[in-house]
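[1] Pasting the sequence and the predicted coordinates here, then a few questions.
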Amino acid sequence: MTEAQMREAVARWLSLVAADAELSAYLIGVDWDRLKAHLARSLASGTGGEPEVPCLGWSEGQHRRAVDYLTGVLRPYRKPSVADFWEFVEDRYRGLLPEQAAPLLYAALHQLTSEDDDRPNRWALLAVLGRAYRRYGLRPDHTAVIDDALQVRVPWEKVERAAVRAGDGPAWWPVEVLDHDLAADGVAVLTVRPWRRLLYQPGQAVPVCTPRRPGRWRWYCPANTPRPDGTVELHVRAVSGGVVSTSLVHEVRPGELLYLGPPTDTGLNLVDGQDLLLVAGGTGLAPLRALIEQIAANPAGRRVTLIVGARSIEVLYDAVTLDKLRHDWLTIVPTFSHDQVDEPGEWGDALTVALKHRRDQAVYVCGPPAMLAGSRLRLLTAGVPADRIHLPDRIPWR
C-alpha cells in the first residue's frame with residue numbers, strides 16, 4: 001500500500017467506527033489525528049497479518065468488530081495470499097479445488113491477468129489452465145467466486161476455449177530433478193522424474209514451471225522417448241530476459257521440484273516410411289533426438305541425416321550423446337556458423353548445409369526463432385514439397 005492509500009483506508013475505517021452506535025461512544029475525547037497516524041504507522045510496519053487496532057476501552061466483542069471493519073477496508077488494497085484464496089473458494093464450494101493445487105492455480109491465474117506477459121508464456125499458461133478447468137469441472141458460478149477470491153477479473157473465455165482443446169487428464173505433473181548438467185555456457189541438461197508417469201510422444205512439447213518463478217510456464221521438448229523408469233530429459237538454454245530459462249540453467253539443483261504441464265503436439269510428429277533430414281539449431285536438437293530414439297526402436301530401412309548447428313565447436317553442448325548415437329542408418333553432420341573446421345563438421349548455417357545434403361527426404365527443422373523465421377519459405381524455394389516440411393509451428397516459441 002502507498003502512504004496515500006493507508007491514509008485513505010484509516011479515514012474510511014474511522015468513519016465506520018464513528019457510525020457504529022456501540023463503538024462511537026468510545027471515540028469521545030480521542031485525538032482523531034493522533035489515532036489515524038498511529039494506525040497508519042502500524043499498517044506501514046505490519047507483516048501482512050491481522051491489522052492491529054488500539055483498544056479504546058471496548059469489550060472483546062466490540063474490539064473484534066473494530067478489527068473486522070479495518071480488515072474489510074484493507075481488503076481491496078491487499079493481494080490475498082494463497083491460503084486466503086483457497087479458504088475463500090473452499091468456504092463457498094467445498095471440495096472444488098484441492099488445497100495442494102491452490103498455489104499453482106493462484107500463481108497461474110494472476111499471471112494470466114498481467115499485462116506484461118509474452119505470447120509463449122500465455123499459451124503455456126492456457127494449456128495448463130484449460131486442463132485444470134476440465135479437471136476440476138469449473139462452471140461460470142465457480143469462476144465468479146474464484147475472481148472474488150483473487151480480487152481480479154480472469155479472462156475466463158480464453159481459459160474455456162483452451163479447455164475445449166485440452167482433453168482430459170492431470171493439469172500438471174510434479175517432477176523431481178535428478179540431475180542438472182551444465183553442458184555448455186548457458187545450456188543445462190536436466191533429468192527429471194515425474195511422481196506419476198507422463199504420457200507423451202517424441203516431438204511433443206510440455207509446459208515447464210519452477211516454484212522459484214511461480215505462474216511462469218515455458219515450452220520445452222523432451223529429448224528422449226518415454227523410458228521404463230519414467231525419466232525425462234530437458235535441454236534448456238538461458239535466454240536474455242527469460243526468467244524461467246535462467247532459473248532452470250543457473251539456479252535449480254538436484255532434489256528440487258518442478259512441474260510439467262500437459263504434452264502438446266508441435267508439428268514434429270514422426271511420419272511413417274520416409275527418409276528424414278533433421279535440422280537442429282541449439283537446443284532445438286532435443287525433440288529431433290527423441291525422434292531418432294523412436295526410429296531406433298524400428299528403423300524399417302529408413303535413412304536419417306541429422307544436421308546439428310552451433311556457432312562453434314565449444315557450444316556443441318550435446319557432443320557426448322551425439323557420439324553415442326551410432327547407427328548404420330544415421331548420418332550426423334555438425335555445422336558451425338562461426339568456425340571453419342575439418343571434417344566431419346561443415347562450415348555454415350545449419351539450414352544452408354542441410355539443403356546441400358537433401359535428396360528426397362522429409363525435412364524436420366527445430367531451433368531458435370531466428371533459424372525458424374523464413375525456414376519454410378527457404379525450403380519451398382529449394383523444392384521441398386510442402387507436405388514434407390515439418391516445423392514446430394503449432395505453438396509459439398521464443
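    That came through fine. Residues are numbered from 1 along each chain as shown.

[2] Assess the claim that Gly203 and Thr264 are in contact.
    No: under the criterion of CB atoms under 8 Å, Gly203 lies out of contact with Thr264, with a separation of 10.5 Å. (C-beta placed from N, C-alpha, C; glycine too.)

[3] higher neighbour count, those two?
    Higher neighbour count among Gly203 and Thr264: Gly203, with 24 against 20, using other CB atoms under 10 Å.

[4] now the residue lying closest to the more buried one once chain neighbours are set aside, what's its secondary structure?
    Distance criterion CB to CB, 6 or more residues apart in numbering; nearest residue to Gly203, sequence neighbours excluded, is Leu268 at 3.5 Å. Leu268 falls in the coil class when you classify it by DSSP: H, G, I helix; E, B strand; the rest coil.

[5] Who are the contact partners of Leu268?
    Listed by CB atoms under 8 Å, 6 or more residues apart in numbering, the contact set of Leu268 reads Gly203, Gln204, Cys221, Pro287, Leu288, Leu291, Tyr364, Cys366, His390, Leu391, Pro392.

[6] Check Leu291 too.
    When contacts are taken as CB under 8 Å, 6+ apart, Leu291 is in contact with Pro202, Gly203, Leu268, Leu270, Leu276, Leu278, Tyr364.

[7] can you pull the buried residues of stretch 82-90?
    With burial defined by 16 or more other CB atoms under 10 Å, the residues of stretch 82-90 counted as buried are Asp84, Phe85, Trp86, Phe88, Val89, Glu90.

[8] ditto for stretch 135-144
    Neighbour-count burial for stretch 135-144, with 16+ other CB under 10 Å as criterion, is recorded at Arg135, Tyr136, Leu138, His142, Thr143.

[9] Next: stretch 216-227.
    Residues of stretch 216-227 classed as buried by neighbour count (16+ other CB under 10 Å): Arg216, Trp217, Arg218, Trp219, Tyr220, Cys221, Pro222, Ala223, Asn224, Thr225, Pro226.

[10] quick one: what helix or strand has Val365 in it?
    Counting by DSSP states H and E, the secondary-structure element that holds Val365 is strand 362-366.

[11] Not counting whatever helix or strand comes next after that strand itself, show me its contacts.
    Sequence order places helix 369-372 as the next helix or strand after strand 362-366, per DSSP H and E. Taking contacts as CB under 8 Å, 6+ apart, the residues outside helix 369-372 that touch it are 281-282, 284, 309, 349-351, 365-366, 391-393, 397-398.

[12] Identify, from the residues you listed, the entry nearest to Pro254.
    Proximity of the contacts of helix 369-372 to Pro254 was ranked by CB to CB; the top entry is Gly282 with 23.9 Å.

[13] tell me which residues in stretch 57-74 are buried?
    For stretch 57-74, the buried set under the neighbour-count rule, 16+ other CB under 10 Å, comprises Trp58, Gln62, His63, Arg65, Ala66, Val67, Tyr69, Leu70, Val73, Leu74.

[14] ok now do the fourth one, which residues does it touch?
    Arg65 makes contact with Asp20, Glu22, Leu23 under the criterion CB under 8 Å, 6+ apart.

[15] ok, which stretches of this structure are strands?
    173-184, 187-194, 206-209, 218-220, 232-237, 257-260, 276-281, 304-310, 330-336, 346-347, 362-366, 389-390 (DSSP state E).

[16] Next up, the contacts around Cys221.
    Contacts were defined as CB under 8 Å, 6+ apart; by that measure Cys221 touches Gly203, Gln204, Ala205, Val206, His235, Thr266, Leu268, Ala286, Pro287, Ala290, Cys366, Pro392.

[17] Top of these by number of neighbours, please.
    Neighbour-wise, those (other CB under 10 Å) top out at Cys366, 28 neighbours.

[18] Leaving out sequence neighbours, find the closest residue to it.
    Of all residues not flanking Cys366 in the chain, Gly284 sits nearest, at 3.6 Å (CB to CB, 6+ apart).

[19] where does the one you found sit relative to Glu99, distance-wise?
    Shown here: Gly284 relative to Glu99, a distance of 39 Å by CB to CB, to the nearest Å.

[20] Neighbour count: the two, which is higher?
    A direct count of neighbours by other CB under 10 Å for Gly284 and Glu99 places Gly284 higher, at 27 against 11.

[21] Let me see the contact set for that one.
    If you count contacts by CB under 8 Å, 6+ apart, Gly284 has them with Val365, Cys366, Gly367, Pro368, Met371, Pro392.
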